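Visitor: below are the sequence and a predicted model; questions follow.
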Amino acid sequence: MVRVLRVAVPTAVFLAMASVVGISIFNPFRILMPALPVDMDNLVVSGSKITMEAPHLSGYTTPDRRPYDLWAKTATQDLTDPDRVELTTLHSKVLMEDQITTVTLDARTGIFDNKLQTLNLHKDIFLQTSSGYEARLSQALSTWAKAQ
């Protein structure tokens, strides 16, 4: 057994090192990279928190398929509470039930709860509709929830 291991262990180490060097030189995964939408330049990990710069979230609010868009300067998510995302300098656009009016929401900070599908806005909230109505809230809390 010792004779076999004297040859097998150095051979396994040599093959592992050769594989690492070969993969780093030839990079067989480069074929997949253009297809993957991964951009790590705007991602920062600090402790248990992940911060992303310029996030954009879009989707549909209800079964009647009304679209929404959400942009922010930064989004911070704590890995210990993955359902909650803290947003700064956010801008959101939502189509109302009449399928004509669009509401634009701006706020300095906000918290998006992915589990409850709610967006809590804080500090300097500005709401504007495409029909001309406006509302300004300074320190109040405003909640926009997905209608079910």
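Guide: Arrived safely, thanks for sending. Numbers count the residues shown, from 1 in each chain.

Visitor: lowest-scoring secondary structure element of this protein by mean pLDDT?
Guide: Every helix and strand in the chain was compared by mean pLDDT, DSSP states H and E; the lowest is strand 142-145, with a mean of 49.

Visitor: packing partners of the helix or strand residue 110 falls within?
Guide: Taking DSSP states H and E as the definition, residue 110 sits inside strand 102-113. Using 3 or more C-beta pairs under 8 Å, 6 or more residues apart in numbering; DSSP states H and E, the elements in contact with strand 102-113 are strand 84-95, strand 118-122, strand 125-129, strand 142-145. Placement of C-beta: from N, CA and C, glycine included.

Visitor: contact partners for the closest residue to residue 108 other than its chain neighbours?
Guide: In space, and not counting its chain neighbours, residue 108 is closest to residue 123: 4.0 Å by C-beta to C-beta, 6 or more residues apart in numbering. Contacts of residue 123 were listed using C-beta atoms under 8 Å, 6 or more residues apart in numbering, and they are 107-109, 138-139.

Visitor: buried ones from these, can you make that a PyMOL selection?
Guide: Those of the contacts of residue 123 that count as buried under 16 or more other C-beta atoms under 10 Å are selected in PyMOL with:
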select buried, resi 107+109
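
Visitor: name the nearest of the contacts of residue 123 relative to residue 63.
Guide: Using C-beta to C-beta, residue 107 comes nearest to residue 63 of those, at 26.9 Å.

Visitor: is it true that that closest one touches residue 120?
Guide: No. The criterion here is C-beta atoms under 8 Å, and residue 107 misses it with residue 120 at 9.2 Å.

Visitor: name the residues linked to residue 137 by a beta bridge.
Guide: Beta-bridge pairing for residue 137 (DSSP bridges): residue 125.

Visitor: might one say that it is in contact with residue 125?
Guide: Yes. Under the criterion of C-beta under 8 Å, residue 137 makes contact with residue 125 at 4.1 Å.

Visitor: show me what contacts residue 59?
Guide: Going by C-beta under 8 Å, 6+ apart, the list of residues near residue 59 reads 67-68.

Visitor: list the buried ones in the strand holding residue 110?
Guide: Neighbour-count burial for strand 102-113, counted by 16+ other C-beta under 10 Å, picks out 102-103, 105-107, 109-112.

Visitor: sweet, I'm off.
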